[in-house]
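[1] please work out how this folds:
(4 chains)
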Number of protein chains: 2
Amino acid sequence: MDSSQAVGEALYSLVIAAIRGRAREISLTSASALSTLSRTGPLRLTDLATAEGIAQPSMTTLVTGLERNGLVERRQDPNDRRVVLVALTDVGHDYLRRRRKTGADRFTALIDQLSEEDQAALVAALPALHHLEES
Amino acid sequence: MDSSQAVGEALYSLVIAAIRGRAREISLTSASALSTLSRTGPLRLTDLATAEGIAQPSMTTLVTGLERNGLVERRQDPNDRRVVLVALTDVGHDYLRRRRKTGADRFTALIDQLSEEDQAALVAALPALHHLEES
DNA sequence: CAACCTATATAGTTTGTCTATACTTCGGGT
DNA sequence: ACCCGAAGTATAGACAAACTATATAGGTTG
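    Next up is the predicted model:
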């Protein structure tokens, strides 16, 4: 059917619009890397680069920056001394939490201005949104 | 109520997830600028910069690049010779159409895999999503 | 154990953004 | 009619974040 196409376009447009107004405190990739580390726990530098879709040397630079800001730390892998494990620090966890809340709040504020009907429809679609995110 | 908070978080997470897998053929700002021009028609360079949230000199550079790729063209304003009007070319229109379709298709493919129930909920939330995007 | 493979780091380049400033053109006040 | 400040765009130079190519350190295997 064609309605999934319509929803796809609507979500894509929403994403583009949301990105346009984004805060540039740290790069999108940095934020996404922190988020990935939060989900998965410590990762090898190369694996993190792959997960974020950037080249390994780029991730080296990025991690160095995050490390300088105290958001992540480099650890050694006891089994393989070539490896650098990148791990969130407590500061990194806090930062991520705050940033996530700020991002969500922008949407929440917009949602609060919608009609009752629109709000109800979004709430009803919550399970679907969660399923989308997981796939 | 708290459900708008939940929806805000869900949408934010979805946006972050969507960005992670984004294509980098042209910059997000370039894509967004093309999209804006498509919605509004030709714009002054400064107005386009404001719409995209970047500084005017940045937009000058960006437009020069898009012009070199044949996606936009600079026109003169007959009423004010200081002004540069930036307009989509036919090639730009085509490019935008393809790009939009690719982006939306990623969502569409995911949506097609959801349950009937989830799909119906998303379709029901379509007006709400459109309203969100406009605000 | 020598050769090759893997994981990370470094060097140099490109792109997209910024601020500061220059150059044209417009419009208003004298 | 003219000048002067304002408005619109372009240029210059700096910085950040990405890339490719390559170097270095450590592991693996025939």
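
[2] A:Gly103 belongs to a helix, doesn't it?
    Yes - the assignment for A:Gly103 is a helix, going by DSSP: H, G, I helix; E, B strand; the rest coil.

[3] thought it was touching B:Leu14?
    No - using CB atoms under 8 Å as the test, A:Gly103 is too far from B:Leu14 to be in contact (11.0 Å). Glycine gets a C-beta too; all of them are placed from N, C-alpha and C.

[4] partners of the longest strand seen in chain A in the sheet?
    Secondary structure assigned by DSSP state E gives strand A:80-88 as the longest strand of chain A. In the sheet, strand A:80-88 lines up against strand A:43-44 (antiparallel), strand A:72-77 (antiparallel) (DSSP bridges).

[5] buried stuff in it?
    By neighbour count on 16 or more other CB atoms under 10 Å in any protein chain shown, the buried set for strand A:80-88 is A:Val84, A:Leu85, A:Val86, A:Leu88.

[6] what sits against the second one?
    Residues counted as contacts of A:Leu85 (CB atoms under 8 Å, 6 or more residues apart in numbering or on different chains) are A:Pro42, A:Leu43, A:Arg44, A:Leu45, A:Arg74, A:Arg75, A:Gln76, A:Asp77.

[7] list the beta-bridge partners for the closest residue to the second one other than its chain neighbours.
    Taking CB to CB, 6 or more residues apart in numbering or on different chains as the measure, A:Leu43 lies nearest to A:Val86, with 5.7 Å between them; neighbours along the chain are not counted. Per DSSP bridges, the residues bridged to A:Val86 are A:Leu43, A:Arg74.

[8] thought A:Leu45 was touching A:Val86, still the case?
    Yes - counting by CB under 8 Å, A:Val86 touches A:Leu45, with 5.7 Å between them.

[9] what pLDDT is listed against the most centrally placed residue in chain A?
    The residue lying closest to the centre of chain A (CA atoms, centre = their mean) is A:Ser32, at 3.7 Å. A:Ser32 carries a pLDDT value of 88.

[10] that one against A:Ile54, yeah?
    No - at 9.8 Å, A:Ser32 does not count as touching A:Ile54 under the criterion of CB under 8 Å.

[11] what segments of chain A are helices?
    Using DSSP state H, the helices of chain A run over residues A:3-20, A:28-40, A:45-52, A:56-68, A:90-112, A:116-124, A:126-134.

[12] return the set of buried residues in the second one.
    In this case it means helix A:28-40. Residues A:Leu28, A:Thr29, A:Ser30, A:Ala31, A:Ser32, A:Ala33, A:Leu34, A:Ser35, A:Thr36, A:Leu37 are the ones in helix A:28-40 that count as buried (16+ other CB under 10 Å).

[13] and the helix or strand of chain A with the lowest mean pLDDT, does that touch DNA strand C?
    Least confident helix or strand, chain A: helix A:3-20 with a mean of 77, by mean pLDDT, DSSP states H and E. No - using CB under 7 Å from any atom of the strand, helix A:3-20 never reaches DNA strand C; the gap is at least 9.8 Å.

[14] got it, and stretch A:43-50?
    Yes - remark: stretch A:43-50 sits within contact range of DNA strand C at A:Arg44, A:Leu45, A:Thr46, A:Asp47, by CB under 7 Å from any atom of the strand.
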